[in-house]
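Undergrad: this one's structure only:
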């Protein structure tokens, strides 16, 4: 048996789910994805990774701005799908869309629901220091990740995980969970269990300013923020009047009584030559990127900017100053 599937997804992590559906022989009727968006310095419209993949494989693409209008749902209804498979689509589907498929919509959510419902579960997992996360397949309802659970699997959070690496791994796990379930689900052979709604926690959409580094926080919190902000929007501060992204760092024992944000030289046996004083502990910086320049290692950066050590990093809307010696 191969089911008639409409796939809904947008980012790169979703592509592996669509690829898995094709590899498993399911009849993918169409791919729904977000409308093209401006990107790059030229702000030219760019298709989502799912759209690019679908077009390459001859899958019809739909990009409605909304599915809350009857005329927008009609093309979906005309496809007569058995099931909707949703993986980071970026929209909450209304009832009129969910009811189009005879067996509803299955959503791959990258957390152990009911923990971390909402749009940024992986980022929040890293920010909060969770050591275990996972993937949940749910039957979608009109709420935000509140539908009953079809399947669930745990996954350890690695010490070096970023939002990018963990998201990719969780959607790979979700794909492996999903594929053997689709046909039995369509046949009505899989039972559901309800979520414990009282235990739900919620995540929020992020803004660029959520990636701004406040060095009065602890080194532990800042290191998590740096990993959670990769690959985008990248954690940042300001130096020499320019935006400075910190791309990779590690917690290092505090060896200075300097003010938070001050850049110091670390000992030769340290994991990096550059340290930043924080409110508790120190960050050893491994990779960083100055506005208008390529990303570099800390060693390369120090060779190019010898006045970096001794300066004080400031919030983006402040003018950096050189700390006294």
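TA: That came through, no problem. From a predicted model like this one, the values you see are computed outputs, not experimental measurements.

Undergrad: residue 14 sits in which helix or strand?
TA: Element membership for residue 14 (DSSP states H and E) is helix 12-23.

Undergrad: buried sites along that helix?
TA: Using 16 or more other C-beta atoms under 10 Å as the test for burial, helix 12-23 gives 12-18, 20-22. Heads up, the C-betas are built off the backbone N, CA and C, glycines and all.

Undergrad: need the residues that contact it.
TA: 5, 7, 9, 28, 31, 49-50, 53-54, 57, 59, 85, 87-89, 108, 167-168, 170-172, 174-176, 178-179 (C-beta atoms under 8 Å, 6 or more residues apart in numbering).

Undergrad: taking the residues you listed one by one, which sit in helices?
TA: 49-50, 53-54, 167-168, 170-172, 174-176, 178-179 (DSSP state H).

Undergrad: any stretches of the stretch 201-325 of the chain with poor pLDDT?
TA: Low-confidence regions of the stretch 201-325 of the chain, defined by pLDDT under 70, span residues 255-256, 315-325.

Undergrad: swap the cut-off to 50 and go again
TA: For the stretch 201-325 of the chain, the stretches with pLDDT under 50 are 317-325.

Undergrad: would you map the strands across it?
TA: Secondary structure of the stretch 201-325 of the chain, counting by DSSP state E, counting those that start in this stretch: strands at 236-239, 242-252, 263-265, 274-277, 282-290, 296-297, 311-312, 321-322.

Undergrad: that older thread, give me the ChimeraX select line for the contacts of helix 12-23, limited to the buried ones.
TA: A single ChimeraX command selects the buried members of those (16+ other C-beta under 10 Å):
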select :5,7,9,28,31,49,50,53,54,59,85,87,88,89,108,167,168,170,171,172,174,175,178,179
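
Undergrad: quick one on the thing from earlier: okay, the angle between the helix holding residue 14 and helix 49-56?
TA: Interaxial angle of helix 12-23 relative to helix 49-56 (axes from the mean of the first three to the mean of the last three C-alpha atoms, to 10 degrees): 30 degrees.

Undergrad: check the offset of helix 12-23 from the chain's centre.
TA: A distance of 17 Å separates the centroid of the chain from that of helix 12-23, by C-alpha atoms, centre = their mean, to the nearest Å.

Undergrad: repeat for stretch 198-207
TA: Distance of stretch 198-207 from the chain centroid (C-alpha atoms, centre = their mean) equals 14 Å.

Undergrad: identify each buried residue in that stretch, please.
TA: Going by neighbour count (16+ other C-beta under 10 Å), the buried part of stretch 198-207 is 200, 203, 206.

Undergrad: in TSV, list these along with distance to residue 273.
TA: Listed next are those as TSV, based on distance: C-beta to C-beta, whole Å:
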residue	distance to residue 273
200	45
203	36
206	31
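
Undergrad: of these, which belong to helices?
TA: Short answer: those have none in helices (DSSP H).

Undergrad: hmm, back to that, out of the strands of the stretch 201-325 of the chain, which gets nearest to residue 70?
TA: When the strands of the stretch 201-325 of the chain are compared by C-beta to C-beta, strand 236-239 sits nearest residue 70, at 43.9 Å.

Undergrad: for that closest one, the distance to its chain's centre please.
TA: With C-alpha atoms, centre = their mean, you get 22 Å for strand 236-239.

Undergrad: and the closest residue to residue 110 other than its chain neighbours, how far is that from residue 155?
TA: Spatially, and ignoring its direct neighbours in sequence, residue 110 is nearest to residue 170 (3.9 Å; C-beta to C-beta, 6 or more residues apart in numbering). According to C-beta to C-beta, to the nearest Å, residue 170 and residue 155 sit 6 Å apart.

Undergrad: name the residues contacting each of the two.
TA: Applying C-beta under 8 Å, 6+ apart, one finds that residue 170 and residue 155 are jointly contacted by 133-135.

Undergrad: state the distance from the nearest residue to residue 63 once chain neighbours are set aside to residue 58.
TA: Spatial nearest neighbour of residue 63, chain neighbours left out: residue 35 (4.6 Å); criterion: C-beta to C-beta, 6+ apart. Distance, residue 35 to residue 58, using C-beta to C-beta: 21 Å.

Undergrad: who has more neighbours, those two?
TA: A direct count of neighbours by other C-beta atoms under 10 Å for residue 35 and residue 58 places residue 35 higher, at 12 against 7.

Undergrad: part of a helix, is that one?
TA: No - counting by DSSP: H, G, I helix; E, B strand; the rest coil, residue 35 falls outside a helix, being coil.

Undergrad: can you pull the contacts of it?
TA: Contacts of residue 35 (C-beta under 8 Å, 6+ apart): 63-65.

Undergrad: return a PyMOL selection command for the buried portion of these.
TA: In PyMOL, this line selects whichever of the contacts of residue 35 come out buried by 16+ other C-beta under 10 Å:
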select buried, resi 64
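
Undergrad: mind putting the contacts of residue 35 into CSV with distance to residue 291, pLDDT and secondary structure?
TA: Below are those laid out as CSV (distance: C-beta to C-beta, whole Å; pLDDT from 0 to 100; DSSP: H, G, I helix; E, B strand; the rest coil):
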residue, distance to residue 291, pLDDT, secondary structure
63, 33, 96, coil
64, 37, 95, coil
65, 33, 93, coil
